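**Q** model this:
(one chain, ligands or ions: 1)
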Amino acid sequence: MRALVVTAVTAEADSVVAGLTPHPDTPAPEPRTLTGRYAAVRCDLPGLAVDVLVGGVGPAAAAAGAATALALADYTLVVSAGIGGGFQPAAPVGSLVVADAIVAADLGARTDEGFVGVHALGFGTDVHLPPAGLAARAAEATGALLAPVLTVSTVTGTAARAAELAALHPLAGAEAMEGFGVAEAAAAHGLPVLEIRAVSNPVGPRDRDAWRIGDALAALTAGFRALGPVLANWGERHGERHGERHGERHADR
Ligand SMILES: O=C(O)c1cccc(C(=O)CC[C@H]2O[C@@H](n3cnc4c(=O)[nH]cnc43)[C@H](O)[C@@H]2O)c1
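**A** Next comes the predicted model:
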C-alpha cells in the first residue's frame with residue numbers, strides 16, 4: 001500500500017512525517033526530489049509506504065502538486081492534510097476533523113438568489129466523497145470529528161461569511177484551502193482520497209492572535225501517529241485492487 005499525503009507548507013509536512021516516524025528520536029528522512037519544484041519525504045511503516053509532499057497553498061497549487069506526484073508513481077490512496085479553520089462549536093481549536101465530504105465551497109456563481117455551485121450550474125462536480133468506511137475508521141482512531149470539510153480560495157475572516165457558509169453547509173466541521181484540489185487530482189487518477197485537518201483557528205472574524213498553529217501541528221502529528229495503522233490495514237484489504245478500479249467511484253469502500 002502506497003499513499004501520497006499532500007500538505008500546503010513544510011511545517012505541516014514535518015508534522016505529518018513526525019507522526020509517521022516510528023520512534024520520536026529517529027531523524028526524519030531527507031526529501032527526495034520529484035521534479036525541479038516538488039520533493040517528497042518517504043515514510044516506511046509496516047505494510048505502508050507514505051510519500052509526504054509539500055504542494056503549496058490553495059486548491060490550484062495543491063492540485064498541481066498532487067497531480068505531478070501521481071503521474072510519477074503508482075499510489076493507492078491520496079490524503080490532503082494540514083491545518084484549517086474549525087466551525088464552532090463542533091470543531092474547537094486543537095481538535096481534528098476527518099472529511100466525510102470534500103466540498104468546493106466557493107466554486108460557482110454568485111446570483112441574486114445566492115451562491116450556486118458548479119454542479120448545479122452543470123459544469124462538473126463540487127463534492128468528492130472519501131471512502132466512507134476508511135473515513136469513519138480514521139475519525140475513530142484519531143478522535144476526530146467526521147464531517148464535511150470545505151475548500152475555499154479565500155480564508156473566512158468575517159462573522160457574516162462564517163454564518164453564510166454555516167447556513168449553506170450546516171454539517172461542515174472545518175474549512176481549508178487545498179482539499180478539493182487534491183481530491184480533483186486523485187479523481188483524475190481514479191484514486192480514493194481522504195482529508196484530515198487540525199484546527200488552528202475558529203472560522204469567523206479574523207483574529208491572528210487567536211490562531212494556535214503550534215497546537216494544531218501537534219494535533220496533526222498525533223493524528224498521523226494513529227492514522228498510520230488504519231491506512232495500512234485499509235490498504236491490506238483494498239489497496240491492491242485500485243488498479244482494477246480506475247474510473248470507479250470510491251465512496252462506498
Ligand atoms: O492572515 C490571514 O487572514 C490569512 C489569510 C489567508 C491565508 C492565511 C494562512 O495562514 C494560510 C492558510 C493555510 O492554512 C490553512 N488554513 C488554516 N486556517 C484556515 C482557515 O480558517 N480557513 C482556510 N484555510 C485555513 C489553509 O489550508 C492554508 O494552507 C492567513
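**Q** Please make it C-alpha for all contacts and neighbour counts, starting now.
**A** Noted.
**Q** May I have the residues that are in contact with the nearest residue to residue 121 once chain neighbours are set aside?
**A** Leaving aside its chain neighbours, residue 121 sits nearest to residue 108 (7.4 Å; criterion: Cα to Cα, 6 or more residues apart in numbering). Going by Cα atoms under 8 Å, 6 or more residues apart in numbering, residue 108 touches 115, 116, 117, 118, 121.
**Q** which of those are buried?
**A** Among the contacts of residue 108, those classed as buried by 16 or more other Cα atoms under 10 Å are 117, 118.
**Q** With distance to the ligand and pLDDT as extra columns, can I get the contacts of residue 108 in JSON lines?
**A** Converted to JSON lines, the contacts of residue 108 look like this (distance: Cα to the nearest ligand atom, whole Å; pLDDT from 0 to 100):
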{"residue": "115", "distance to the ligand": "18", "pLDDT": "95"}
{"residue": "116", "distance to the ligand": "20", "pLDDT": "95"}
{"residue": "117", "distance to the ligand": "18", "pLDDT": "95"}
{"residue": "118", "distance to the ligand": "20", "pLDDT": "95"}
{"residue": "121", "distance to the ligand": "24", "pLDDT": "95"}
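**Q** just checking, which of the contacts of residue 108 belong to helices?
**A** Of the contacts of residue 108, the ones assigned to helices by DSSP state H are 118, 121.
**Q** can you put the contacts of residue 108 in CSV and add distance to residue 45?
**A** As requested, the contacts of residue 108 are exported to CSV (distance: Cα to Cα, whole Å):
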residue, distance to residue 45
115, 44
116, 43
117, 40
118, 39
121, 44
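**Q** Give me the neighbour count for residue 146.
**A** Neighbours of residue 146 under the rule other Cα atoms under 10 Å: 23.
**Q** Write down the beta-bridge partners of it, one by one.
**A** Beta-bridge pairing of residue 146 under DSSP bridges involves residue 98.
**Q** residues contacting it?
**A** Going by Cα under 8 Å, 6+ apart, the list of residues near residue 146 reads 97, 98, 99, 100, 135, 136, 139, 173.
**Q** got it, and residue 149?
**A** With Cα under 8 Å, 6+ apart, residue 149 has these contacts: 97-103, 172-176, 179, 195.
**Q** Please name the residues that touch whatever residue of the stretch 151-253 of the chain ends up closest to the ligand.
**A** Closest to the ligand within the stretch 151-253 of the chain is residue 176: 3.4 Å, counting by Cα to the nearest ligand atom. Shown in contact with residue 176 (Cα under 8 Å, 6+ apart): 83, 84, 85, 149, 150, 151, 152, 155, 197.
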